[in-house]
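> the sequence and its predicted three-dimensional model are supplied below.
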Amino acid sequence: MRYRFAAPAAALCLSLLALPAMAAPVNFLFASSGDLPQLADLLSRPDVDGAQVVYTWKNLEKGKGQYDFSAIEEDLAYTRKLNKKLFIQIQDRFFDPKARNVPDYLMAEPAYKGGIVPQVDNPGQGKLPAMGWVAQQWNPAVQRRYQALLKALAAKFDGRVYGVNLPETAIDIDQKRDATGFSCERYFQAEVQNMQVAKSAFQKSQVVQYVNFWPCEWENDHRYMSRLFAFAANNHIGLGGPDVVPYRKSQMKNAYPFFNRYKGKLPMVAMAIQEPTLTYTNPKTKKPFSKDEIVSFATDYLGANILFWTPETPWLKRK
């Protein structure tokens, strides 16, 4: 779940000013499958190193064990032609009520208990919550199918794509009415296991897990955040997140301080600036955060190596 922005404490601002400067992260475009030809001008820019493309589970697995990776092959060929890198995100959660984008068999066969459950998402400042769906990773039968997909992708693309990332940890489901066996601890363990499987399968390409919030947790009171960061560092797995909003209070109570604590201890930190991120404003200027403000925070506080920018970002749209 994503939360609304609130102003930082003065002490935090002073501590950020004292941080040593780091090398600026490289820029990637954030895109959906099939979008790259429309983004040729942006992708060709010398200050853009590559593209991060999101592929839904349903588009990659047409039937049980029947994989179709042609979309990735096309995007890989396109980025290579432009001498750019490709990062792939394997999406198992969706923020639209009509987007049940998992294979049909997961929703039909009894073992998978429907395969997905409804969830809500607060996508940006002043935005109404969006309804969507998330795969039941806490259901071992569902999780085995997702992990089989990761292994099949690695067999085909390890070393060919620059990196693979798993979606954000934040979900918000109706736990009181749940009939799928969900628990916060089961969900946490499932996400960690998926990280481990991805890292084991992808020996050459970078592996990044997005982490922002955990259900049932605030300020690491279940130690989900601290356990995940320690696991990632010990197993050489990169971490990242779906939004960079400087000083965002809710993030400062969850993932952001751990990125700061683990600066230099993770093989990669990849952060995204997506469309909802652009809705937030700097409380001092009352204007949207500038590129310099975002990059400075992402670099000096979060330790980002890569930034995935939506093509709607103003600095990319300027001639």
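Done, it's in.

> Val208 and Ala198, how far apart?
9 Å (CB to CB, to the nearest Å). (Glycine included, C-beta is placed from N, CA and C.)

> what touches both of those two?
Common neighbours of Val208 and Ala198, counting by CB atoms under 8 Å, 6 or more residues apart in numbering, are Val164, Leu166, Ile237.

> any idea what the first one is bridged to?
To tie it back to what came earlier, the one meant is Val164. Beta-bridge partners of Val164, counted by DSSP bridges, are Ile88, Val207.

> just the pLDDT for it.
As predicted, Val164 sits at a pLDDT of 98.

> tell me the mean pLDDT for stretch 224-237?
98.

> got a list of what Asp174 touches?
Here Asp174 is in contact with Val117, Pro118 (CB under 8 Å, 6+ apart).

> now it: how far from Lys85?
40 Å.

> try Pro246
26 Å.

> neighbour-wise, which of Val208 and Ala198 wins?
More crowded of Val208 and Ala198, by other CB atoms under 10 Å: Val208, with 29 against 24.

> now for the more buried one: which residues touch it?
Phe87, Gly163, Val164, Asn165, Leu166, Ile237, Gly238, Leu239, Gly240, Met268, Ala270.

> what does Gly63 give?
Applying CB under 8 Å, 6+ apart, the residues near Gly63 are Pro103, Asp104, Tyr105.

> cutoff 7 Å now
Applying CB atoms under 7 Å, 6 or more residues apart in numbering to Gly63 gives the contacts Pro103, Tyr105.

> same question for Lys199.
Val207, Asn235, Ile237.

> same thing with Trp315?
Here Trp315 is in contact with Lys291 (criterion: CB under 7 Å, 6+ apart).

> test my guess that Cys216 contacts Arg223.
No. Between Cys216 and Arg223 there is no contact under CB atoms under 7 Å: 11.4 Å.

> follow-up on the earlier one: now, among the shared contacts of Val208 and Ala198, which is nearest to Gly124?
Nearest to Gly124 out of the shared contacts of Val208 and Ala198 is Leu166 (CB to CB; 22.1 Å).

> give me the phi and psi for the residue lying closest to that closest one once chain neighbours are set aside.
Setting aside the residues directly before and after it, Leu166 is nearest to Gln209 in space (CB to CB, 6 or more residues apart in numbering), at 4.9 Å. Main-chain dihedrals, Gln209, degrees, to the nearest 10: phi -100, psi 130.

> now the helices for this structure?
10-17, 40-43, 57-60, 70-81, 104-108, 140-157, 184-201, 224-234, 249-252, 256-261, 291-300, 314-317 (DSSP state H).

> lowest average pLDDT across these?
For the helices of the chain, mean pLDDT drops lowest on helix 10-17, to a mean of 38.

> just among the contacts of Lys199, which is most surrounded?
Val207 (28 neighbours).

> contacting residues around that residue?
If you count contacts by CB under 7 Å, 6+ apart, then Val207 has Gly163, Val164, Ala198, Lys199, Ile237, Gly238 around it.

> measure the second one to Ile237 for me?
Counting by CB to CB, the gap between Val164 and Ile237 amounts to 11 Å.

> pLDDT weak spots in the stretch 1-150 of the chain?
Where the stretch 1-150 of the chain drops to pLDDT under 70, the residues are 1-22, 122-123, 126-128, 130.

> how about 50 then?
The stretch 1-150 of the chain contains residues with pLDDT under 50 at 1-20.

> thinking again about what came up before, let's have the helices of the chain in CSV, adding distance to Tyr280.
Shown next, in CSV, are the helices of the chain (distance: least, CB to CB, whole Å):
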stretch, distance to Tyr280
helix 10-17, 16
helix 40-43, 22
helix 57-60, 29
helix 70-81, 29
helix 104-108, 35
helix 140-157, 31
helix 184-201, 26
helix 224-234, 22
helix 249-252, 11
helix 256-261, 14
helix 291-300, 10
helix 314-317, 13
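
> so which of these is nearest Phe308?
Per CB to CB, nearest to Phe308 of these: helix 291-300, 10.7 Å.

> run the chain-centre distance for that closest one.
18 Å (CA atoms, centre = their mean, to the nearest Å).

> buried sites along that helix?
Residues Glu293, Ile294, Val295, Ser296, Phe297, Ala298, Thr299, Asp300 are the ones in helix 291-300 that count as buried (16 or more other CB atoms under 10 Å).

> tally up the residues packed near the residue nearest to Tyr67 when sequence neighbours are not counted, please.
Closest residue to Tyr67 apart from its sequence neighbours, by CB to CB, 6+ apart: Ala152 at 5.2 Å. The criterion is other CB under 10 Å. On that basis, Ala152 has 16 neighbouring residues.

> since that was my last question, I'll sign off now.
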